[in-house]
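Student: Using only what follows, build the 3D model:
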Amino acid sequence: MKLFKLYEQVEEEQKEKEKSTLITLTPTDKKFLKLMQRKEVDWSDGAEIWRFLTDTLYIEDMELKMRLAYLYMEQLVDEDEDETYDDLVRVSLDMESIMSNFDDKQLALAEHFDLPPFLIPEEGYSHYGLEQYENNDDGGTYAIGDEDEMDEAMEDYAQGRIDDGIDYFEDWYVEDHLSPNDSSIEQFAGEEADYRLDDMTDEEILEEAGYDSMDDAKEEWEEKETEKDDIEERMNDLDMEKDELESEQSDLDYEEDEDEYNRLEEEIDLKRDEIGDLEIELHDLVAQMEQLEEIYEGEQVEEAKDELRENYVENTLEEIRNDGVDYFVSNLGMDRQTVIEHYYHLDEDSLRDAIISDEGYEGISIYDGSYDEINRDGVTYTIIRTN
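Tutor: Residues are numbered from 1 along each chain as shown. Alright, predicted model coming up:
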């Protein structure tokens, strides 16, 4: 019994639906429908129907045009059976069923352009992942997507910009998303320093580092050697004089010649003091000569070279820190892309986010940089013209 009642309910609902889809054909409807039939307008080609209604019949009433188009596309009469539109009174036009043949994006575009959706066929290829449709009314191609799809499209667009090469970006824009590859830069600075040092003579290295030159050191060493000989000669003379005084003193009887003995003792002490002063002077002189000998024999070249290398490396690193990528491009003529690949880390995520934020949907709106939005059934769609 319950099942029978359910059948009755379904049948009643179906009848109500059929009633709701029935419309009465007006004389105007019939007139235009017969005209299209007589002109053999293709009932399966919505664009042809629309052009005929617009360009041939000059119908401006949008509601009437849509009504006639849908009625004609329903192919209500069978010419083989000699049926005519005059025979029709009430016909079924199930718009819900008709609209189900179109996807949500076609319907959104149709609403946006105030056109029937059959004038907006899908193109079959995408624009940064967005489905594209042709507007048969204005000849344009339009991409459309919801919020998530637009986000994905922008990700694809931004990544494509990066993949095309950073040479297409302004220097300042890219450098905000670069971090130095310290190991590579330090290696470069070291190689640059070695290259400079390899091209220098030992004399140039010493001079650049602030050391005495080898030639000057040799000349000064020779001067000091003469001075050393003079000191040694004076020390030898004083030592002989001291020996003579000691010998003379030893011949005296202290008790008989006390005064003379003490005088000689004082002279001997003076000679000892002079010899001691000269020994100190000679010791300092020998130390100076040893340093000069190290210089003219080249023993300080490596030390000077190490100091220069350290300075060169630090100066180069400081210049790179100040100038960034431009140091390599302007000073060495290197390609920016190559510089970044070798000496920097590009934060693609950061750069991609910046492109999306800075350019927005205008970036993928390749036709005129503009875009529109429409809300349909609670979903906001973005529409951009691509051609």
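
Student: CA atoms for contacts and neighbours, from now on please.
Tutor: Noted.

Student: the strands in the stretch 151-300 of the chain, which residues?
Tutor: Secondary structure of the stretch 151-300 of the chain (DSSP state E, counting those that start in this stretch): strands at 178-180.

Student: where in it is pLDDT low?
Tutor: Where the stretch 151-300 of the chain drops to pLDDT under 70, the residues are 212-214, 296-299.

Student: now do the stretch 1-150 of the chain
Tutor: For the stretch 1-150 of the chain, the ranges with pLDDT under 70 are 1-20.

Student: Which residues are in contact with the nearest residue to Ser44 once chain neighbours are set aside?
Tutor: Among residues not flanking Ser44 along the chain, Met73 sits closest, at 6.1 Å (CA to CA, 6 or more residues apart in numbering). By CA atoms under 8 Å, 6 or more residues apart in numbering, the contact set of Met73 is 43-44, 46.

Student: what does Thr56 give?
Tutor: Thr56 neighbours (CA under 8 Å, 6+ apart): none.

Student: again, only using 10 Å
Tutor: Trp50 (CA atoms under 10 Å, 6 or more residues apart in numbering).

Student: just Leu93 next, same as before
Tutor: Neighbouring residues of Leu93 by CA under 10 Å, 6+ apart: 18, 20-24, 67, 70-71, 74, 76.

Student: From the residues you listed, pick the one nearest Asp104.
Tutor: Checking those against Asp104 with CA to CA, the nearest one is Tyr70 at 18.7 Å.

Student: Quick check: nearest residue in space to that closest one, chain neighbours excluded?
Tutor: That would be Leu93: by CA to CA, 6+ apart, it lies 7.8 Å from Tyr70.

Student: Distance check, the one you found against Leu35.
Tutor: 20 Å (CA to CA, to the nearest Å).

Student: Surely Phe52 is in contact with Gln37?
Tutor: No: counting by CA atoms under 10 Å, Gln37 is not a contact partner of Phe52; they are 11.4 Å apart.

Student: mind listing what the residue nearest to His345 when sequence neighbours are not counted touches?
Tutor: Leaving out its chain neighbours, the residue that sits closest to His345 by CA to CA, 6+ apart is Ser179, at 5.2 Å. By CA under 10 Å, 6+ apart, the contact list for Ser179 reads 324, 340, 343-347.

Student: part of a strand, is Leu76?
Tutor: No: Leu76: not assigned to a strand; according to DSSP: H, G, I helix; E, B strand; the rest coil it is coil.

Student: Could you provide the contacts of Ser179 in CSV, with additional columns for distance to Tyr254?
Tutor: Shown next, in CSV, are those (distance: CA to CA, whole Å):
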residue, distance to Tyr254
Gly324, 90
Ile340, 96
Tyr343, 91
Tyr344, 93
His345, 95
Leu346, 98
Asp347, 100
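
Student: From the residues you listed, list just the buried residues.
Tutor: Among those, those classed as buried by 16 or more other CA atoms under 10 Å are 324, 340, 343-344, 346.

Student: Which of these fall in strands?
Tutor: Judged by DSSP state E, strands contain the following of the buried ones among the contacts of Ser179: 344, 346.

Student: okay, the buried ones among the contacts of Ser179 in TSV with pLDDT and distance to Glu266 next?
Tutor: Listed next are these as TSV, based on pLDDT from 0 to 100; distance: CA to CA, whole Å:
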residue	pLDDT	distance to Glu266
Gly324	90	77
Ile340	90	83
Tyr343	95	79
Tyr344	94	81
Leu346	92	86
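
Student: Excluding sequence neighbours, find me the nearest residue to Glu123.
Tutor: Counting by CA to CA, 6+ apart, Tyr133 is the residue found nearest to Glu123 once chain neighbours are left out, at 4.9 Å.

Student: Quick check: the one you found touching Ser126?
Tutor: Yes: applying CA under 10 Å, one finds Tyr133 in contact with Ser126, separated by 9.2 Å.

Student: what touches both of the two?
Tutor: Common neighbours of Tyr133 and Ser126 (CA under 10 Å, 6+ apart) are 142-144.

Student: Among these, which one is most surrounded by other residues?
Tutor: Ala143 (28 neighbours; other CA atoms under 10 Å).

Student: Need the three-state assignment for it.
Tutor: Here Ala143 takes the strand state, with states given by three-state DSSP.

Student: Without its sequence neighbours, what residue ends up closest to it?
Tutor: In space, and not counting its chain neighbours, Ala143 is closest to Gln132: 4.2 Å by CA to CA, 6+ apart.

Student: Let me see the ranges of the helices in the stretch 101-250 of the chain.
Tutor: Using DSSP state H, counting those that start in this stretch, the helices assigned to the stretch 101-250 of the chain run over residues 104-113, 147-163, 171-175, 182-198, 202-209, 214-250.

Student: so what does the third one touch, helix or strand wise?
Tutor: Right, the one you point to is helix 171-175. helix 325-326, helix 336-343, strand 344-346, helix 348-359 (3 or more CA pairs under 10 Å, 6 or more residues apart in numbering; DSSP states H and E).

Student: any idea which of the ones you listed is most buried?
Tutor: helix 325-326 (a mean of 22; mean count of other CA atoms under 10 Å).
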